[in-house]
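> quick one, structure for this:
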Amino acid sequence: MMRKLFSLHYKQMVRSTLWKRNLGTNIFLGIMFFLMMLNFLSISLFIDRFIEETHHGINPVEFINQYIIYYLFIDLLLRLVFQKNHGMIIKPLLIHPVDKLSSANFILTKSIFSIFNLLAVILLVPFAVKNYSNFENGISFFNWLFSALALILTNCYLTVLLKRGSSISAKYIILSGVLLGTPITLTELEIIDALSVSSTLFKSFSQSVVYPLVLWYLATLVYYSNLQLVKNQLRLDKIQQSVKRFDVIGGKYSILNRFGEIGLYAALELKLLLRHKRSRATLIFSGAMIFIGVVIYPSYTARSNYAPVNTLMEERLERYEENISYEQDASEIEFKIISDELPPEATVFITGNHQGLNNWEADGVALHKKGNEWIRKLRFANGTSLEYKFTLGSWKNQLLSDKGERMENMKLTINSDTTLVIKANHWELGGFGFYKIMLVYMGILVTGMLVLGYGQFIFGWESSFFDLISSKRIDLFKYIHTKFLLMLAAGALVYIVSLAYAVISIEFIKIHTSLFLYNVGINSYVLLILATLNRKRMDLGASIISTQGKGSSQYLAIIPVLFVPTGIIIPFALSNSFDAGLLFMGGLGAIGVLFQKQFLKYILKLFYKQRYKLASGFRIT
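Numbering: from 1, shown residues only. Predicted coordinates for the structure are as follows:
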């Protein structure tokens, strides 16, 4: 029976008119999906090399154990938003003699083929197989792998259990967000060490066969809980799709009355968005993207800033200088770097083949800044042969030769007190620029995802009523202006919340301010222009991951919305003028906001040209 049900489902999918009509889009998405899976496979196969290069001497399996708990929380959060429940596909069979147990098992078995389960297998299995030698023994390997897969499967069916009626509830997304944020917050506050807890748990899982059995029992228990629930709901009156209705009678949006006609349009737009599953889920997910910075920002911030003074090394140096001061046969060497190429926040370090230079650690001994000079006096025993280099705290950021090339080790034999003056005109600064660029890219997502989520379908949300709107005597300029103001309000709301990232680094205030202005002053107009090209009718009752109603304009929007601002900041970041780049982008956005009337009039002309084509396309179901 299961085989027959899967065969019917396959025929239903390939015979669908929607499948054939969107064949080009489906092929494109299939290719993108294949490439994405290849990327994740590459991460799985080569992440151990990255771990060994960045964390010398640590076992890659032990390192992954520290972070796998975060992966499970993120996996649950994404499933609550994206994983689809498959109750509706069985509805046509309820009038036929198909036993409920087979139907319920079919619905739940389909969930195993979720993209999240496939992603987990691609990430975990190749990594575990390649790093087999890093486990204690073969039993440890199988215990670890089966424990991880059991937890993934538990997440899968826990999501089905929580979502039940295939509707996305904000409380579950908030709950999973709290589950993710709690260990991060407690770790930052040094109350508990979530990384150590995660590492200890998974190390225990790998050492005893009891734990994998318990975890698989838990996954089976969640599965059978779902099975009983689904069996009880396999009735035509139960499986009908419910639509949550909001009792909105003026009062909830009465504050908008003060804005006249624009306030009326805004109230109607908000009612439409909040009453329907697809639009509501899109806004919830887009707004939740603001929290992605909690995971991403700390690591990128650490890498995008100049290295701080190594306090541990300074303490060692003090003890070394106390010992060397008792030696009569020692000389004082003054190192002086003169450079006009470095920003004020940079720290110059000297490192070399001596304990007084921190034995080739990149953030060796910090030089003291005086104007455009960095100076440090150090004592060494006479006869010492030094080899040394100057860095900015990382081997990716060294002093270069006058030709802009990496230099050989500088050499000095200590015989007497000496002052070494070096004019440093060229530094290797590429690493800082890359991480600054990535901060901008992530900042666009954090501050602009809600604008993008709403704006990419800005006319499509009303596709079912577009003929009615077109037939009414409404001011189309105010109609479009309302949509712009809603994007402005959404961007402002997210921007205000995002200012909390100043706790991580004060730099995020200027980054988010600049990107907020760019999103509302530039990207909003881009989305409005592209929306006039999207003529596909939107089914507001469809799932958030459905491709129905999506056209080429949604994929084209990625280029100007994400890649263009990233491209703008690249030359500024690589030339060590990051703040100037932020000022430039913020200035562009401010101009867009100030001259919104002129830009919206241009968009209105495009809308007049396209409205009949839009209306014709929206009529096709």
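> nearest residue to K601 other than its sequence neighbours?
Sequence neighbours aside, F477 is the residue nearest to K601 in space, at 7.2 Å (criterion: CB to CB, 6 or more residues apart in numbering). C-beta coordinates here come from the backbone N, C-alpha and C atoms, glycine included.
> my bad, G581
F572 (2.7 Å).
> could you do I458 as well?
A531 (4.5 Å).
> can you check A128 too?
Counting by CB to CB, 6+ apart, the residue nearest A128 is L145, at 4.9 Å.
> and the helix or strand containing that neighbour, what does it pack against?
Using DSSP states H and E, L145 sits within helix 138-163. Counting contacts by 3 or more CB pairs under 8 Å, 6 or more residues apart in numbering; DSSP states H and E, helix 138-163 packs against helix 60-82, helix 100-112, helix 115-130, helix 194-207, helix 210-233.
> ok, which of those helices comes nearest L274?
helix 60-82 (16.8 Å; CB to CB).
> other SSEs contacting the closest one?
helix 23-54, helix 115-130, helix 138-163, helix 170-188, helix 194-207, helix 277-288.
> how about these, which one is nearest V503?
That would be helix 170-188 among the helices and strands packed on helix 60-82, by CB to CB, at 8.8 Å.
> and the helices and strands packed on helix 60-82, which one is worst for confidence?
Per-stretch mean pLDDT for the helices and strands packed on helix 60-82 is lowest at helix 170-188 (a mean of 62).
> can you list contacts of the helix or strand where K411 lies?
K411 belongs to strand 410-413 when assigned by DSSP H and E. Identification of contacts with strand 410-413 by CB atoms under 8 Å, 6 or more residues apart in numbering yields I333, G383, T384, S385, L386, E387, Y388, K389, T418, L420.
> and the buried ones among those residues, selectable in ChimeraX?
Typed into ChimeraX, the line below selects the buried ones among these, using 16 or more other CB atoms under 10 Å:
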select :333,384,386,388,389
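> export the contacts of strand 410-413 to a markdown table and tack on pLDDT and distance to W374?
A markdown table is the format used below for these (pLDDT from 0 to 100; distance: CB to CB, whole Å):
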| residue | pLDDT | distance to W374 |
| --- | --- | --- |
| I333 | 86 | 14 |
| G383 | 86 | 27 |
| T384 | 87 | 22 |
| S385 | 88 | 24 |
| L386 | 89 | 18 |
| E387 | 89 | 20 |
| Y388 | 90 | 14 |
| K389 | 90 | 14 |
| T418 | 87 | 17 |
| L420 | 87 | 12 |
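> okay, and which of the contacts of strand 410-413 map to strands?
I333, S385, L386, E387, Y388, K389, T418, L420 (DSSP state E).
> and those, which is closest to L229?
K389 (65.4 Å).
> which residues touch the closest one?
I350, T351, G352, Q398, L399, M407, N409, M410.
> cool, and V494?
G287, I290, V446, T447, G448, M449, L450, V451, F516.
> surely K336 meets T418?
No. Between K336 and T418 there is no contact under CB atoms under 8 Å: 10.9 Å.
> still on that earlier bit, can you give me how far the helix holding L145 is from the chain middle?
24 Å (CA atoms, centre = their mean, to the nearest Å).
> one more: stretch 399-407?
For stretch 399-407, the distance to the chain centre is 36 Å (CA atoms, centre = their mean).
> list the buried ones in that stretch?
Going by 16+ other CB under 10 Å, stretch 399-407 has these buried residues: L399, L400.
> returning to what we had before: which positions within the helix holding L145 qualify as buried?
For helix 138-163, by 16+ other CB under 10 Å, it's 140-141, 143-160, 163.
> quick revisit: between the helices and strands packed on helix 60-82, which gets nearest to W374?
Among the helices and strands packed on helix 60-82, helix 23-54 sits nearest to W374 (CB to CB), with 27.0 Å.
> report the buried residues of that closest one.
By 16+ other CB under 10 Å, the buried positions in helix 23-54 come out as T25, S44, I47, D48, I51.
> give the contact list for the residue nearest to L161 when sequence neighbours are not counted.
Leaving aside its chain neighbours, L161 sits nearest to N226 (5.4 Å; criterion: CB to CB, 6+ apart). The contact partners of N226, by CB under 8 Å, 6+ apart, come to L108, Y157, V160, L161.
> now do K130
S44, L45, D48.
> from the residues you listed, pick the one nearest K370.
Distances from K370 to the contacts of K130, taken by CB to CB, are shortest for D48, at 44.6 Å.
> I'd like to know how far that closest one sits from Y70.
Distance, D48 to Y70, by CB to CB, to the nearest Å: 18 Å.
> now V210
Relative to Y70, and taking CB to CB, V210 is found at 25 Å.
> name the residues of stretch 613-621 that come out as buried.
L614, A615, G617, F618.
> which SSE is the first one in?
Assigned by DSSP H and E, L614 falls within helix 596-618.
> how about the secondary structure of the spatially most central residue of the chain?
When the chain is reduced to its mean C-alpha position, the nearest residue by CA atoms, centre = their mean turns out to be I292, at 5.0 Å. Here I292 takes the helix state, with states given by DSSP: H, G, I helix; E, B strand; the rest coil.
> reformat the buried residues of helix 23-54 as TSV; add distance to N131.
Formatted as TSV, the buried residues of helix 23-54 follow (distance: CB to CB, whole Å):
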residue	distance to N131
T25	39
S44	10
I47	9
D48	6
I51	10
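> which one among the residues you listed gets closest to V129?
For the buried residues of helix 23-54, the nearest to V129 is S44 (9.4 Å; CB to CB).
> what residues are up against that closest one?
Here S44 is in contact with I122, L123, L124, V125, P126, F127, K130 (CB under 8 Å, 6+ apart).
> now list the buried members of those residues.
Among the contacts of S44, the ones that count as buried (16+ other CB under 10 Å) are I122, L123, L124, P126, F127.
> hang on, the last one packs against S42?
If I follow you right, that is F127. No. Judged on CB under 8 Å, F127 makes no contact with S42 at a distance of 11.2 Å.
> which helix or strand lies directly C-terminal to the helix or strand hosting S514?
Taking DSSP H and E as the definition, S514 sits inside helix 507-518. Next along the chain after helix 507-518, taking DSSP H and E as the criterion, comes helix 524-531.
> that following helix - what's its average pLDDT?
In the prediction, helix 524-531 has an average pLDDT of 89.
> tell me the helices and strands packed up against it.
Using 3+ CB pairs under 8 Å, 6+ apart: helix 524-531 touches helix 430-455, helix 476-498, helix 552-556, helix 596-618.
> to A542, which of those helices lies closest?
When these are compared by CB to CB, helix 552-556 sits nearest A542, at 14.3 Å.
> low-confidence ranges in the stretch 401-550 of the chain?
429-433, 544-545, 549 (pLDDT under 70).
> L274: neighbouring residues, count only.
Residues near L274, counting by other CB atoms under 10 Å, number 14.
> er, S206 actually
Neighbour tally, S206, other CB under 10 Å: 25.
> now do the contacts for it.
F135, E136, S140, F141, N143, W144, S147.
> from L153, how far out is it?
18 Å.
> thinking again about what came up before, so what pLDDT did the residue nearest to the centre of the chain get?
Confidence score, pLDDT, at I292: 80.
> and of the contacts of N226, the nearest to G364?
Y157 (53.1 Å).
> if we can go back for a sec, of the buried residues of stretch 613-621, which pair is most distant in space?
A615 and G617 (7.4 Å).
> so D363: helix, strand or coil?
coil.
> tally of neighbours for A266?
18.
> could you do L229 as well?
15.
> so it touches Y157, yeah?
No. Counting by CB under 8 Å, L229 does not reach Y157; the two are 10.6 Å apart.
> what pLDDT does Y306 get?
53.
> also the one 5 residues further on?
pLDDT for T311: 58.
> just the one 10 residues further on next, same as before
Per-residue pLDDT puts E321 at 64.
> thanks a lot, catch you later.
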